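1. sequence and predicted structure, then a few things I'm wondering about:
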Amino acid sequence: LKKVKFLAELEDDGLLIKIADALATLNFNEGEKIINKGDVGEVFYVVKEGRVKVHDIGFGDSQYVDQILGPGDFFGERALLTGEPRAADITAEVASVCLC
(Lines give C-alpha, C1' and ligand atoms only; values in the text may rest on other atoms or scores of the structure.)
Protein backbone atom coordinates (compact mmCIF):
# COMPACT_ATOMS: atom_id res chain seq x y z
CA LEU A 1 0.00 0.00 0.00
CA LYS A 2 2.94 2.33 0.51
CA LYS A 3 3.40 2.30 -3.29
CA VAL A 4 0.01 3.98 -3.71
CA LYS A 5 0.63 7.74 -4.03
CA PHE A 6 -2.04 9.01 -1.66
CA LEU A 7 -1.27 6.34 0.97
CA ALA A 8 2.53 6.65 0.75
CA GLU A 9 2.49 9.76 2.90
CA LEU A 10 0.72 8.06 5.80
CA GLU A 11 3.21 7.64 8.61
CA ASP A 12 0.88 5.62 10.83
CA ASP A 13 1.68 1.96 10.07
CA GLY A 14 -1.23 0.94 12.29
CA LEU A 15 -3.62 2.77 9.98
CA LEU A 16 -2.08 1.11 6.92
CA ILE A 17 -2.54 -2.28 8.56
CA LYS A 18 -6.22 -1.50 9.22
CA ILE A 19 -6.68 -0.48 5.58
CA ALA A 20 -4.90 -3.62 4.36
CA ASP A 21 -7.07 -5.81 6.59
CA ALA A 22 -10.23 -4.25 5.13
CA LEU A 23 -9.23 -4.85 1.50
CA ALA A 24 -10.26 -7.86 -0.57
CA THR A 25 -8.06 -9.35 -3.31
CA LEU A 26 -9.58 -9.89 -6.76
CA ASN A 27 -7.92 -11.75 -9.63
CA PHE A 28 -8.67 -10.86 -13.25
CA ASN A 29 -7.77 -12.81 -16.37
CA GLU A 30 -6.23 -11.19 -19.43
CA GLY A 31 -9.00 -9.39 -21.35
CA GLU A 32 -11.48 -9.52 -18.46
CA LYS A 33 -13.60 -6.41 -17.98
CA ILE A 34 -13.24 -4.95 -14.47
CA ILE A 35 -15.42 -1.84 -14.81
CA ASN A 36 -18.12 -1.03 -17.35
CA LYS A 37 -18.57 2.59 -18.36
CA GLY A 38 -21.91 3.91 -17.11
CA ASP A 39 -22.22 1.51 -14.17
CA VAL A 40 -22.75 2.74 -10.63
CA GLY A 41 -19.44 3.08 -8.79
CA GLU A 42 -19.33 1.11 -5.56
CA VAL A 43 -15.72 -0.10 -5.48
CA PHE A 44 -12.29 1.55 -5.53
CA TYR A 45 -9.39 -0.55 -6.89
CA VAL A 46 -5.62 -0.59 -6.39
CA VAL A 47 -3.52 -2.55 -8.89
CA LYS A 48 -1.33 -4.96 -6.96
CA GLU A 49 0.03 -6.99 -9.91
CA GLY A 50 -0.33 -6.83 -13.68
CA ARG A 51 -1.62 -4.08 -15.97
CA VAL A 52 -5.08 -2.70 -16.67
CA LYS A 53 -6.24 -0.52 -19.55
CA VAL A 54 -8.53 2.46 -18.99
CA HIS A 55 -10.38 2.99 -22.28
CA ASP A 56 -13.45 4.61 -23.79
CA ILE A 57 -12.81 7.45 -21.33
CA GLY A 58 -15.28 10.27 -21.60
CA PHE A 59 -17.20 12.89 -19.69
CA GLY A 60 -20.02 14.42 -21.72
CA ASP A 61 -18.55 15.57 -25.04
CA SER A 62 -14.93 15.20 -23.87
CA GLN A 63 -12.90 12.13 -24.84
CA TYR A 64 -9.47 11.17 -23.49
CA VAL A 65 -6.54 8.99 -24.57
CA ASP A 66 -6.46 5.42 -23.22
CA GLN A 67 -4.26 4.88 -20.17
CA ILE A 68 -2.33 1.88 -18.86
CA LEU A 69 -2.12 1.42 -15.08
CA GLY A 70 0.24 -0.88 -13.18
CA PRO A 71 1.17 -1.83 -9.62
CA GLY A 72 0.52 0.99 -7.16
CA ASP A 73 -1.91 2.78 -9.48
CA PHE A 74 -5.58 3.07 -8.56
CA PHE A 75 -8.91 3.59 -10.30
CA GLY A 76 -12.61 3.86 -9.57
CA GLU A 77 -12.34 6.71 -7.09
CA ARG A 78 -14.11 9.37 -9.18
CA ALA A 79 -17.46 7.57 -9.21
CA LEU A 80 -17.25 7.01 -5.45
CA LEU A 81 -16.45 10.65 -4.73
CA THR A 82 -18.97 12.22 -7.12
CA GLY A 83 -21.78 9.65 -7.18
CA GLU A 84 -21.72 9.83 -10.97
CA PRO A 85 -21.64 6.70 -13.18
CA ARG A 86 -18.31 5.18 -14.20
CA ALA A 87 -16.67 7.35 -16.87
CA ALA A 88 -14.57 4.63 -18.56
CA ASP A 89 -14.19 0.93 -19.21
CA ILE A 90 -11.35 -0.84 -17.40
CA THR A 91 -9.99 -4.13 -18.76
CA ALA A 92 -7.13 -6.34 -17.56
CA GLU A 93 -4.35 -6.18 -20.20
CA VAL A 94 -2.64 -9.19 -18.61
CA ALA A 95 -3.58 -11.43 -15.69
CA SER A 96 -3.89 -8.92 -12.85
CA VAL A 97 -4.52 -8.72 -9.12
CA CYS A 98 -6.37 -5.78 -7.60
CA LEU A 99 -7.15 -4.80 -4.04
CA CYS A 100 -10.55 -3.31 -3.28
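-> Structure received. Numbers count the residues shown, from 1 in each chain.

2. which residues in this protein form strands?
-> Ranges of strands within the chain are 25-28, 33-35, 45-49, 52-55, 58-59, 62-63, 67-69, 74-75, 89-92, 96-99, based on DSSP state E.

3. which ones are touching the residue most central in space within the chain?
-> Nearest to the geometric centre of the chain sits F75, at 2.6 Å (C-alpha atoms, centre = their mean). Neighbouring residues of F75 by C-beta atoms under 8 Å, 6 or more residues apart in numbering: 35, 44-45, 47, 52, 54, 69, 90. Every C-beta, even on glycine, is put in place using the N, C-alpha and C of the backbone.

4. and the strands of the chain as JSON lines, adding mean pLDDT?
-> Below are those laid out as JSON lines (pLDDT from 0 to 100):
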{"stretch": "strand 25-28", "mean pLDDT": "96"}
{"stretch": "strand 33-35", "mean pLDDT": "97"}
{"stretch": "strand 45-49", "mean pLDDT": "94"}
{"stretch": "strand 52-55", "mean pLDDT": "96"}
{"stretch": "strand 58-59", "mean pLDDT": "75"}
{"stretch": "strand 62-63", "mean pLDDT": "70"}
{"stretch": "strand 67-69", "mean pLDDT": "96"}
{"stretch": "strand 74-75", "mean pLDDT": "92"}
{"stretch": "strand 89-92", "mean pLDDT": "97"}
{"stretch": "strand 96-99", "mean pLDDT": "96"}
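
5. what number of residues are in the vicinity of the nearest residue to A87 once chain neighbours are set aside?
-> Excluding its sequence neighbours, the residue lying closest to A87 (C-beta to C-beta, 6 or more residues apart in numbering) is F59, at 5.5 Å. Per other C-beta atoms under 10 Å, the neighbour tally for F59 reads 11.
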